[in-house]
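Enquirer: Take a look and give me a structure for this.
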Amino acid sequence: MATELKVDVEPAEAGFDADRLARIDRHFARYVDEGLLPGWLIAVARRGRIVHLSHHGYRDVEAGLPVETDTRWRIYSMTKPVTSVAAMMLYEEGAFDLTDPISRWLPEFAQPRVYVKGSALNPLTEPATEPIRVWHLLTHTAGLTYGFHHGHPVDAMYRAAGFEWGAPAGMDLAACTRKWAELPLICQPGSEWNYSVSTDVLGRLVEVVSGRNLDEFFAERIFSPLGMDDTGFWVEGEAAERLAALYVPKPGTRKAVRNDAFGQTGRSRPDFLSGGGGLVSTAADYHRFTQMLLNRGELDGVRLLSPRAVALMASNHLPGGVDLEAYGRPLFAEMPFHGHGFGLGFSVLIDPVKAKSLASVGEFAWGGAASTAFWVDPAEEVTALFFTQLLPSSTHPVRQE
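Expert: Numbering: from 1, shown residues only. Got it, this is the predicted structure:
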């Protein structure tokens, strides 16, 4: 069922202006021509039909290998919506309620403690006033964090335990989850939004509830039914030749420089199956995933979620209907805080004026650490995908552009 990625409809027929679409390519071509990105692929679709498909530059600059439509990309945090869909599928089957404490299945979280003050080496903590619930994981309001934030003593504790841009060698998802449960929460559950390993813990919940490893659940319940045959936690054989190299910005110039240390990610089965950032995919596969979301849970006769479940995921769940600016901890300069809320797995635009955006109310989106991004606009029935491999995503303002 692997789908060929190609333009399906003339722009005018889908309500687009071809000349204005061409602006996209001219704009992003400059990034490659100036050496700021190695290469990229862009796909824009309306009502499931691709209206604009373009690519420029190289998947491997040093080898002279160009970006092609079947290039494999590390999608990092674009894994999070997949894990969130998996959890919502189990929720709709009655496996748990969104308000259930996760300690019912992950007893290591039975008595979480919360940071109050002090250093990473000598923190003062207090008991959590309420349990971590499933919806806290889906919304990043559980009080968990990431080591790479470098903004709080608990972040430093994650780094000291080996969690910055990954997990210590030999630790699987179950072991990582147990270790995170030993560390203090950065805040009381439900009290604020903090981007975190919450979706990784959610992936572990999927494993325990379903009785399947996360890669198996994804393959059997999501990828195979949707025809996402080129998506997984690693690539091998001929597919490995299609995996793009990974780049980082050179200090001072921001020129893209190859990083083979990070670039080994995705080339072999990982010990840690990261539901928060571990997948490798293609534009064709992720296009099918976004079409399932746009179609309210169904694609080509295969239904993963009910329309109401997708609508719930694409609603702002931050208490009081506030945006991330009011409820979230500052993260990256390019993160969508102004006018954006957060749903069950992705950001949700709630105020285009505050966001200074031409997008529609209700657009939901997310991106990955290597500067990949997607958005779904239910009002206009438009989806857009952007793939490249430059870490971190805060290097250039790609997502706003």
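
Enquirer: which of the residues in stretch 253-263 are buried?
Expert: The neighbour-count check on stretch 253-263 (16 or more other C-beta atoms under 10 Å) flags 256, 259, 262-263 as buried. Every residue, glycine included, has its C-beta placed from N, CA and C.

Enquirer: and if you look at stretch 289-304?
Expert: 289-299, 304.

Enquirer: and the gap between the residue of the chain positioned farthest from its centre and D300?
Expert: What lies farthest from the middle of the chain is N122; by C-alpha atoms, centre = their mean that is 33.0 Å. N122 sits 57 Å away from D300, going by C-beta to C-beta, to the nearest Å.

Enquirer: which residues are contacting the worst-scoring helix or strand of the chain on mean pLDDT?
Expert: Lowest by mean pLDDT, DSSP states H and E among the helices and strands of the chain is helix 324-327, with a mean of 91. The contact list for helix 324-327, computed with C-beta atoms under 8 Å, 6 or more residues apart in numbering, reads 192-193, 318-319, 335-342, 347.

Enquirer: List the neighbouring strands of the very next helix or strand once past it plus their orientation.
Expert: Later in the chain than helix 324-327, the nearest helix or strand by DSSP states H and E is strand 340-342. Strand 340-342 pairs in its sheet with strand 347-349 (antiparallel), by DSSP bridges.

Enquirer: on that earlier part again, tell me the two of the contacts of helix 324-327 that are most distant?
Expert: Greatest spatial distance among the contacts of helix 324-327 (C-beta to C-beta): P319 and M335, at 19.4 Å.

Enquirer: The two: who's more crowded?
Expert: Neighbour count, other C-beta atoms under 10 Å: between P319 and M335, M335 has more, with 18 against 14.

Enquirer: coming back round to it: next step: the buried residues of stretch 289-304 restricted to helices.
Expert: 289-294 (DSSP state H).

Enquirer: and of the residues you listed, the nearest to A29?
Expert: Out of those, the member with the shortest distance to A29 (by C-beta to C-beta) is T290, at 23.9 Å.

Enquirer: which residues touch L41?
Expert: 53-55, 67, 69, 71, 73, 283, 385-388.

Enquirer: helix/strand/coil for V114?
Expert: strand (DSSP: H, G, I helix; E, B strand; the rest coil).

Enquirer: Tell me who's in contact with the residue farthest from the centre of the chain.
Expert: Contacts of N122 by C-beta under 8 Å, 6+ apart: none found.

Enquirer: Repeat the analysis, applying 10 Å as the threshold.
Expert: P153 (C-beta atoms under 10 Å, 6 or more residues apart in numbering).

Enquirer: Would you map the strands across the stretch 1-150 of the chain?
Expert: 39-46, 49-60, 65-66, 73-74, 113-118, 123-127 (DSSP state E, counting those that start in this stretch).

Enquirer: and F28, which of these is closest to it?
Expert: Taking those one by one with C-beta to C-beta, strand 39-46 is closest: 5.8 Å.

Enquirer: Mind listing what's buried along stretch 112-122?
Expert: Neighbour-count burial for stretch 112-122 [16+ other C-beta under 10 Å]: 112-115, 120.

Enquirer: what about that stretch, start to end distance?
Expert: Terminal residues of stretch 112-122 are spaced 17 Å apart (C-alpha to C-alpha, to the nearest Å).

Enquirer: now stretch 68-80
Expert: End-to-end distance for stretch 68-80, by C-alpha to C-alpha: 25 Å.

Enquirer: Quick check: buried residues in that stretch?
Expert: 70-80.

Enquirer: just stretch 213-220 next, same as before
Expert: Applying 16+ other C-beta under 10 Å to stretch 213-220 flags 213-215, 217-219 as buried.

Enquirer: Any chance of these in TSV with distance to A161 and secondary structure as columns?
Expert: Shown next, in TSV, are these (distance: C-beta to C-beta, whole Å; DSSP: H, G, I helix; E, B strand; the rest coil):
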residue	distance to A161	secondary structure
N213	23	coil
L214	21	helix
D215	24	helix
F217	26	helix
F218	26	helix
A219	30	helix
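
Enquirer: which stretches of the protein have low pLDDT?
Expert: The model of the chain has pLDDT under 70 over residues 1-3, 330-336.

Enquirer: Repeat the analysis, applying 80 as the threshold.
Expert: 1-3, 263, 329-336 (pLDDT under 80).

Enquirer: show me the biggest helix of it in terms of residues.
Expert: helix 18-33.

Enquirer: That one to strand 39-46, inter-axis angle?
Expert: Here helix 18-33 runs at an angle of 160 degrees relative to strand 39-46 (axes from the mean of the first three to the mean of the last three C-alpha atoms, to 10 degrees).

Enquirer: just curious, which of the contacts of helix 324-327 is nearest to P38?
Expert: Using C-beta to C-beta, the contacts of helix 324-327 come closest to P38 at M335, 23.2 Å.

Enquirer: one step back: among the buried residues of stretch 289-304, pick out the one closest to D377, please.
Expert: L294 (8.4 Å).

Enquirer: is it true that the closest one touches E363?
Expert: No - using C-beta atoms under 10 Å, L294 is not in contact with E363, being 11.1 Å away.

Enquirer: and for those two, which residues touch both?
Expert: 376-378, 382.

Enquirer: Could you identify which of those residues has the most neighbours?
Expert: Neighbour max across those (other C-beta under 10 Å) = V376, 24 neighbours.
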